[in-house]
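Sequence and predicted structure, then a few things I'm wondering about:
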Amino acid sequence: MKKPELLAPAGDLEKLKIALLYGADAVFIGGKQFSLRARASNFELDDIKEAVDFAHQLNKKIYVTTNIIPHSEDLEGLIDYLKALERINVDAIIAASSSIINIAKKHTNLEIHLSTQQSLTNYEAVNFWSERGAKRVVLARELDRDELRQLRQHTKTDLEVFIHGGMCVSYSGKCTLSNNMTDRDSNRGGCAHSCRWNYDLFEDGEKKNKDVPFSMSSKDLQAVKYISSLIDIGVDSLKIEGRMKSIHYIATVVGTYRKLIDDICDDIAITIPKYLLEIKKAENRLTSHGFMEGMTTMNEQLYNLRSEQPTQEFIGLVLDYDKATKTAIIEQRNKFVTGDLAEILSPNFQPVTFKVEEIKDLEGNILDDAKHPKQQLRVPIPFEVKPYDMLRKVKH
């Protein structure tokens, strides 16, 4: 059984390192130019080079999004930027526009992945782009598993499928709501997430939403139950969305899918509820199966409620560990107190629990609680932990 690539997002270098250390085979990032998340990206060219060097040391890959739908004025500087990415040795660019693809082919030898913005939903379209230089296509999110299987049977190109993260209410990311309401072009990197706003809904002048605001956002995609089917179909890359998410979200989601994919491919018996329980520790919005089972219904939408409930379980990031004293230096992220039951999330072993017996600041002062985000603290941990391991509060 061929093991698919696990592809993760990263909005900055810290998130990128977490994604790779916790099991991603590749990470996609956006630079300051030509990316649909350009406003949110922290990746200058020097950062992209550092990302590539870090990934290649681990025999992993970096893909850079150049996936805007450009107007003529947006193409200025594109050739130089693509050549710079080639010199940096990125593993591929993700592009949606034929203009960017043609320029990349003419002026560089960059590998090209076709963005989901092209809304590829049939094998003729996949083969069309394959003949024009796309090494991989990121399929439209509106495909169910039967359609994916048919596509695989009629194509040789690498296929990439979304398995986790936000689902845009538009067709494969093509949206004009933001343009219309805020003058920020979703397809040129300026999405204002207008679909997630709260609205009043009127019919014939009468307000229909009496008690709650109306929204039209989709539930997030969560495909844990469908990974085995996607592997069986022969999907080449399984993609997690969420460049804006926290390091705890990335570590938890990537680590869970990493273990699940490995267990399936190594023919280890899997118990789906175990993986669902783990991945729920990172959820902050309601989830659904997306289009995995066919056309969606109102059960996959968030028509009349918002579900953002940021988890407070992530309490600290390990910076260092003293084996002699069995004490970790951690960077605190959410409040915890002496006596809390915590667990260590690590890419090196399964979660292990321990009781927080003591909290000290770096000057040695004993604290009853930790309530200052980013404060560095000393916490006894009775087993060895490593930098980038995480502490999570265990709910009783």
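Happy to help now that I have it.

Kindly confirm my reading that Cys191 is in a helix.
No. Residue state for Cys191 (DSSP: H, G, I helix; E, B strand; the rest coil) corresponds to coil; a helix is not indicated.

That one - how many residues pack around it?
23 (other CB atoms under 10 Å). Quick note: C-beta positions are derived from backbone N, CA and C, even for glycine.

I'd assumed Cys175 was in contact with it.
Yes. Proximity of Cys191 to Cys175 meets the contact threshold set by CB atoms under 8 Å, at 6.9 Å.

between these two, what contacts are shared?
Taking CB atoms under 8 Å, 6 or more residues apart in numbering as the contact rule, Cys191 and Cys175 have no neighbour in common.

all strands of the stretch 201-350 of the chain, in order?
For the stretch 201-350 of the chain, the strands defined by DSSP state E, counting those that start in this stretch occupy 202-203, 206-207, 217-218, 220-222, 237-240, 287-288, 301-302, 314-322, 327-332, 336-337, 341-345.

can you put those in JSON lines and add distance to Ile261 and mean pLDDT?
Shown next, in JSON lines, are those (distance: least, CB to CB, whole Å; pLDDT from 0 to 100):
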{"stretch": "strand 202-203", "distance to Ile261": "47", "mean pLDDT": "87"}
{"stretch": "strand 206-207", "distance to Ile261": "48", "mean pLDDT": "86"}
{"stretch": "strand 217-218", "distance to Ile261": "25", "mean pLDDT": "78"}
{"stretch": "strand 220-222", "distance to Ile261": "15", "mean pLDDT": "88"}
{"stretch": "strand 237-240", "distance to Ile261": "7", "mean pLDDT": "97"}
{"stretch": "strand 287-288", "distance to Ile261": "19", "mean pLDDT": "79"}
{"stretch": "strand 301-302", "distance to Ile261": "28", "mean pLDDT": "68"}
{"stretch": "strand 314-322", "distance to Ile261": "23", "mean pLDDT": "96"}
{"stretch": "strand 327-332", "distance to Ile261": "29", "mean pLDDT": "96"}
{"stretch": "strand 336-337", "distance to Ile261": "32", "mean pLDDT": "94"}
{"stretch": "strand 341-345", "distance to Ile261": "18", "mean pLDDT": "95"}
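
quick one: which of those is nearest Glu124?
strand 237-240 (21.1 Å; CB to CB).

List the contacts of that closest one.
Residues from elsewhere that reach strand 237-240 (CB under 8 Å, 6+ apart): 4-9, 24, 26, 28, 136, 138, 158-165, 227, 230, 253-254, 257, 261.

returning to that earlier point: and the strands of the stretch 201-350 of the chain: which comes nearest Ile272?
strand 220-222 (11.6 Å).

Mind listing the strands that closest one pairs with, and their directions?
strand 158-165 (antiparallel), strand 287-288 (parallel) (DSSP bridges).

Just name the most buried of those strands.
Ranked by average neighbour count under the criterion mean count of other CB atoms under 10 Å, these are headed by strand 158-165 at a mean of 24.

What's the first helix or strand after that one?
Later in the chain than strand 158-165, the nearest helix or strand by DSSP states H and E is helix 177-182.

Could you tell me how far that next one lies from the centre of the chain?
Relative to the chain's own centre, helix 177-182 is displaced by 25 Å; criterion: CA atoms, centre = their mean, to the nearest Å.

Could you list every helix and strand in contact with the helix or strand harbouring Tyr63?
Assessed by DSSP H and E, Tyr63 sits inside strand 61-66. Under the contact criterion of 3 or more CB pairs under 8 Å, 6 or more residues apart in numbering; DSSP states H and E, strand 61-66 touches strand 26-30, helix 45-57, helix 78-88, strand 92-95.

ranking those by burial, who's on top?
strand 26-30 (a mean of 26).

Can you list the strands that that strand pairs with?
Here, using DSSP bridges, strand 26-30 pairs with strand 5-9 (parallel), strand 61-66 (parallel).

got the angle between the longest one and helix 78-88?
With axes from the mean of the first three to the mean of the last three CA atoms, to 10 degrees applied, the angle from strand 61-66 to helix 78-88 works out at 170 degrees.

which stretch in the strands paired with strand 220-222 has the least confidence?
Sorting those by mean pLDDT places strand 287-288 lowest, at a mean of 79.

residues making contact with that one?
Strand 287-288 is contacted from outside by 167, 218-222, 296, 299-300, using CB under 8 Å, 6+ apart.

any idea how this protein splits into domains?
5-302, 314-393 (automatic domain parsing).

Between those, which has the poorest mean confidence score?
Sorting these by mean pLDDT places domain 5-302 lowest, at a mean of 89.

Check which helices and strands the lengthiest helix in the chain sits against.
Identified as the longest helix of the chain according to DSSP state H is helix 247-265. Helices and strands touching helix 247-265, as assessed by 3+ CB pairs under 8 Å, 6+ apart, comprise strand 5-9, helix 13-21, strand 158-165, helix 227-233, strand 237-240, helix 272-280, strand 341-345, strand 390-393.
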